[in-house]
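Student: Test case, fold it:
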Amino acid sequence: MTKLSVNINKFATIRNSRGGNNPDVVKAAVDAERFGANGVTVHPRPDERHIRYEDVREIRKIITTEFNIEGNPNEQQFIDLVLETKPHQVTLVPDALGQLTSDHGWDTIAHKDYLIETIKIFKNAGIRVSIFVDPIISMVDAAALTGTDRIELYTEGYATAYANGERANAIGHYLEAAKKAHELGMGVNAGHDLDLQNLKFFKHHIPWLDEVSIGHALVCDAIYFGYENAIQMYQRQLQY
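Tutor: Below is the predicted model:
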């Protein structure tokens, strides 16, 4: 079964735009769980423009479903936060400081030694590790040498091609990368720009898919369909 992890960053973006605590980000995490999500994802950044470090601490105290923290381990405060809160999974993303959103995977060849040492820190604490990777076979091969438990396929390229009607081209590289990861003993996650239009096709063609992390599109759909209904709509796309 492919698990749905709801990224709640956008709830924090809305809250921070006005100050106060509306919407309540901790409640958004609890409700995601209550409405049928298999997990909750947060991506704290150093400027705390959406999820704040204290949000992560408060969510960890109360959540019972799987908790995934994304971020760039170049920031010591990120490493410290993960080791303090001990989520079920940490997803390492090579974001630059101030970056609007994640837009590429790790160069697992150039950064192999760095990733080996960093991944070891989290695994020694009993935390499962996933690393953001583009659907390139050489990057998947090198990812296996870092000791990571999983890769997360960066799916913006898939979503763009799918929207342009190029379904076969959209899925091909991702299928090959997922198959290679599976053969090398790594789990496969996916995320970025997956939505109600393209998720079913992606899931149908990649049988080894462990988890998808979806935030922006799901929160946008929740505005129209309601939060609980949106989560259930995404779950139905994963049942095929």
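Student: Other residues contacting the lengthiest helix in the chain?
Tutor: Identified as the longest helix of the chain according to DSSP state H is helix 167-183. Applying C-beta atoms under 8 Å, 6 or more residues apart in numbering, the external contacts of helix 167-183 come out as 133, 135-137, 139-141, 143-144, 150-151, 153, 155, 157-162, 187-188, 190, 198, 201-202, 205-206, 208-209. For glycine as for every other residue, the C-beta is placed from the backbone atoms N, C-alpha and C.
Student: Kindly give a single ChimeraX line that selects the buried subset of the residues you listed.
Tutor: Remark: buried members of the contacts of helix 167-183, expressed as a ChimeraX selection using 16 or more other C-beta atoms under 10 Å:
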select :133,135,136,139,140,143,144,150,151,153,155,157,158,159,161,162,187,188,190,198,201,202,205,206,209
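Student: hmm, back to that, what distance separates the longest helix of the chain from the middle of the whole chain?
Tutor: Helix 167-183 has its C-alpha centroid displaced from the chain centroid by 18 Å (C-alpha atoms, centre = their mean, to the nearest Å).
Student: In this structure, where is pLDDT below threshold?
Tutor: Screening the chain residue by residue with the criterion pLDDT under 70, one finds the ranges 95-104, 240.
Student: What's opposite the most centrally placed residue in it in the beta bridge?
Tutor: Most central residue of the chain, judged by C-alpha distance to the mean C-alpha position with C-alpha atoms, centre = their mean, is Ser213 at 4.2 Å. Partner residues in beta bridges with Ser213, using DSSP bridges, are Ser5, Gly191.
Student: For the protein, which segments count as strands?
Tutor: Defined through DSSP state E, the strands belonging to the chain, from first to last, are 3-7, 39-42, 66-71, 89-92, 128-133, 150-154, 187-191, 209-214.
Student: To Leu81, which of these lies closest?
Tutor: Closest approach to Leu81 among the strands of the chain is made by strand 66-71 (7.3 Å; C-beta to C-beta).
Student: got the contact list for the closest one?
Tutor: Under the criterion C-beta under 8 Å, 6+ apart, external residues in contact with strand 66-71 comprise 3, 5, 7, 38-45, 56, 59-60, 78, 81-82, 85, 87-93, 95, 102, 130, 213.
Student: Stretch 76-91 now?
Tutor: By C-beta under 8 Å, 6+ apart, the list of residues contacting stretch 76-91 reads 39, 41, 44, 46, 53, 56-57, 60, 66-73, 118, 121-122, 125-132, 150, 152, 189, 213.
Student: In PyMOL, select just the buried ones from the residues you listed.
Tutor: What follows is the PyMOL syntax for the buried subset of the contacts of stretch 76-91, where burial is set by 16+ other C-beta under 10 Å:
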select buried, resi 39+41+44+53+56+60+66+67+68+69+70+71+72+73+118+122+127+128+129+130+131+132+150+152+189+213
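Student: Pull out the buried positions in the longest helix of the chain.
Tutor: Taking 16+ other C-beta under 10 Å as the neighbour-count basis, helix 167-183 is seen to contain the buried residues Ala170, Ile171, His173, Tyr174, Ala177, Ala178, Lys179, Lys180, Ala181, His182.
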